Each structure stands twice: as structure tokens, then as C-alpha cells.
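[1] no sequence for this one, just the structure:
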């Protein structure tokens, strides 16, 4: 009997460098090939490029896409994803090369080759690679994000990538409707945490933001350039927030890309209105002026690691009438996490106490614990479950829960582990 082989090259018991090899007798594909952000970027396990027939990418975030240019150093591979993800990839990986080129084995040339070899696949359209069929399905995580459903050797394997089943202002949630599966690879980022209900979260965010601005303060919202910043702009517009909103950083490039691909958005008109009514920073003089006027500033980077938000916090953080509202996950060790836990941040080269109010609003683009559990409970067939993309204890905890409560076979693989279905 023919089997489907799965090998975990990264993203196992960790968040970062997601990479999975799926192999039949004749064909081997990679699902994602991302990087891990430490002092120097960390790569997944090496796989000889000549053994890879193609790469299928779930979405543009660098922890899933950042190492793909490696396959274009001495050759070229077909990369399958949708047009929006391709365009966002160019933006994010260009920026990554610009910032980290000293540590990288590839340059802009390889990125160009990667772009030339990208094949556009719409949601729900079946594609063939060798003896494998696959399709991309909406994942509801960021614009363009997909799950990958593979059919080969008479087996059906679903890789969720990063996914969210809840509707947000920006995106429709993933539907998670499949027939019987033989295996599922599922993320577990928030396996131990519930998210605040979206409408309540939005209301709290608007009330607190309005209070600060009406008292003459400025609210800095450090946000990821792709997804989170656009959602915050949509939330402010949907609630008819009437004070100035300024957008700064790499967000601008992402905005124009998303507006070209409105079919991936829940309400393209809302995003268009939100962006048209915002002020876009044109340079340093503009930036300095913006840091003095009451209003909201949405700026990269989401964890305060670089980007214009580092400049803004040095100005806005000094006054108690202002606020810094973090809306993204803060990785341990990042300046954003330090700010959240200790109320301190580096200003003008020195660690200082921030006088501005600091808040955290959990606008997550991942499923929370309840949605992850519901996804597994809803599955039909008798699939084996592989739990990835989570802290070690999250992967283990969720695996135990699946075995005990749902009665399915489940594993939290380690990097290098290989399984046959």
C-alpha cells in the first residue's frame, strides 16, 4: 500500500521557521519554509533542493516564507501561492534582506528569481504537482492566507498553517469544512489562551483610545505592517472615530498591495474608506509634527523592534497624558514585551520608565483555545493529528487534550521527525 510521508523541518514545538516536507513515491513538496527571529535569523533543517519538486506557501509572514529564496541560489523551483501573498512576499522579504543581509545566504537576485517562478493559485482551485493534487482554502489569518489540502496516494492531508475561524473587520474567518481527512497538521499558538470576544474588544479599544485623545493625548498603536495595522484602521473607521488617524512605516506599501486585491478582504470599501481618511506620513518633518498633535498613530513595528514606532515612543512615552496600546503578540525578550511587563523602554539609547499609559488589546489573527478545540471536534473521518507552531508546553498540552477528549491519535512532533500515513 502506498504511503504519504511527512517530515517536520521546523516549527515543531516552537513558533518560527515553519517548514514541512510531504512526499509520495514520485513527488516531494515543501509546505512553507520560514525563518526564526533571534539575534541572527534561524533556518529550518536543510533539505537538498534537487529533492524538492515545488514549494506551496500558506501566507507571507516571514516565519513561514522568509527562507524560501534559498531554493533560488543555484536553480529554480515552482512556488505555488496566491497573487496577494506573492506581492506581500516581495515587500516583506525585500525588507528582511535590507535589514539582515549580513546573516543571509541569499540576496535580491534570488528574491527576483523566486517572484518569477511564483504560480498564482486561487482559493478552491485544484492544482497538480506530479502525483499530488492540492488546493488552497481561506485561513482567515491575514489577507491572502491559506490552508493547504493535499490529496495523494489515496490519502487526504490538511495543513492549517496559521488560521482564525472568527470573522474580523478585515477578513472572513476560515470555514474549516472538509470531507474525511487522514491527517491534519494544526497550529497551537494559543492552545492555552482564550481571546476576548471581538465586539467587546473593539468597544474597549475605541472607548480607551477616545478618552486619551479627548484629553489632548496621543495614542501610539505599534502594529504589524501586514494585517494588524489594516484591521486597526478598519476598527477605527467602523466605529466612526472622529479624531486624526496617522499611518506610518512599511504599512503604506502593504496597504496599496491589499487595495489591488480586494477579493481577499471581507469589506474592501471599509478598508478603502479607512485608508483614505487617514494621514500618511511623508518624511521626518511630518513625523515630528505628528508626534505633537492629539490623535492616533498606527506604526510599524508591532513589537517595537525598529520602524518609526521607536521614534514615536521616545516622544510619546515621556508624557502621562499619552498612551501606547499594543495590539500584537509580544514575543518574550522583545522591547514590546519589556514595555508590557515592566513599563520600560529604550529611549535615546537609555532604558527609561515610560510615563504614558500602556495597554494590551488582544486583536489576534490566530484561533484561541476554544476555536482550536472546536476545529478538532468537528473533524470527520479518523485523522491523525500533528500539533505544531506553538510553545513546547502548548503543543504537548493540546496533543494530550485531543487524545483524551476527542479520542484521536495525536502527536507533538520534534524537528526532524518523520511519519507515514
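    Alright, I've got the coordinates. This one's a predicted model, so the numbers in the text were calculated from it and none came from an experiment. Numbering: from 1, shown residues only.

[2] so where does the closest residue in space to residue 116 that isn't next to it in sequence fall, helix or strand?
    In space, and not counting its chain neighbours, residue 116 is closest to residue 76: 7.7 Å by CB to CB, 6 or more residues apart in numbering. Quick note: C-beta positions are derived from backbone N, CA and C, even for glycine. Residue 76 belongs to no helix or strand when assigned by DSSP states H and E.

[3] and residue 76, how many residues sit next to it?
    A count of nearby residues for residue 76, using other CB atoms under 10 Å, gives 14.

[4] Just list whatever residues bridge to the nearest residue to residue 313 once chain neighbours are set aside.
    Once flanking residues are discounted, residue 313 sits nearest to residue 345: 5.7 Å by CB to CB, 6+ apart. Counting by DSSP bridges, residue 345 forms beta bridges with residue 352.

[5] give me the low-pLDDT residue ranges for this structure?
    The chain contains residues with pLDDT under 70 at 1.

[6] Tell me who's in contact with the most centrally placed residue in it.
    With distances taken as CA atoms, centre = their mean, the residue of the chain nearest its centroid is residue 61 (4.9 Å). Residue 61 sits next to 34, 92, 142, 162, 226 when contact means CB atoms under 8 Å, 6 or more residues apart in numbering.

[7] ok, so of those residues, who is nearest residue 187?
    Closest approach between these and residue 187, by CB to CB: residue 162, at 5.6 Å.

[8] count of residues packed around that closest one?
    Neighbours of residue 162 under the rule other CB under 10 Å: 24.

[9] please begin residue numbering at 822 from this point
    Understood, numbering begins at 822; the last thing we discussed is residue 983.

[10] State whether it and residue 880 are indeed in contact, as I suppose.
    Yes: with contact defined as CB atoms under 8 Å, residue 983 counts as touching residue 880 (6.6 Å).

[11] Now for these two: what residues contact both?
    960, 962, 963, 966.

[12] phi, psi of the third one?
    This means residue 963. The phi/psi pair for residue 963 (degrees, to the nearest 10) reads phi -140, psi 170.

[13] Name the nearest residue to it, sequence neighbours excluded.
    Spatially, and ignoring its direct neighbours in sequence, residue 963 is nearest to residue 1048 (3.6 Å; CB to CB, 6+ apart).

[14] Check the gap between that neighbour and residue 1183 for me.
    Per CB to CB, to the nearest Å, residue 1048 is found 14 Å from residue 1183.

[15] ok, the two, which is more surrounded?
    Set residue 1048 next to residue 1183 and count neighbours by other CB under 10 Å: residue 1048 wins out with 27 against 16.

[16] Check the gap between that one and residue 1108 for me.
    Taking CB to CB as the measure, residue 1048 falls 23 Å from residue 1108.

[17] Check residue 827 too.
    Distance check for residue 827 against residue 1108: by CB to CB, it reads 48 Å.

[18] Please enumerate the helices of the stretch 872-1021 of the chain.
    Under the criterion DSSP state H, counting those that start in this stretch, the stretch 872-1021 of the chain contains helices at 883-886, 904-921, 929-937, 1019-1035.

[19] Counting by contacts, list what the third one packs against.
    Meaning helix 929-937. Counting by 3 or more CB pairs under 8 Å, 6 or more residues apart in numbering; DSSP states H and E, the packing neighbours recorded for helix 929-937 are helix 904-921.

[20] Show me what counts as buried in the helix it packs on.
    Neighbour-count burial for helix 904-921, counted by 16 or more other CB atoms under 10 Å, picks out 904-914, 916-918.
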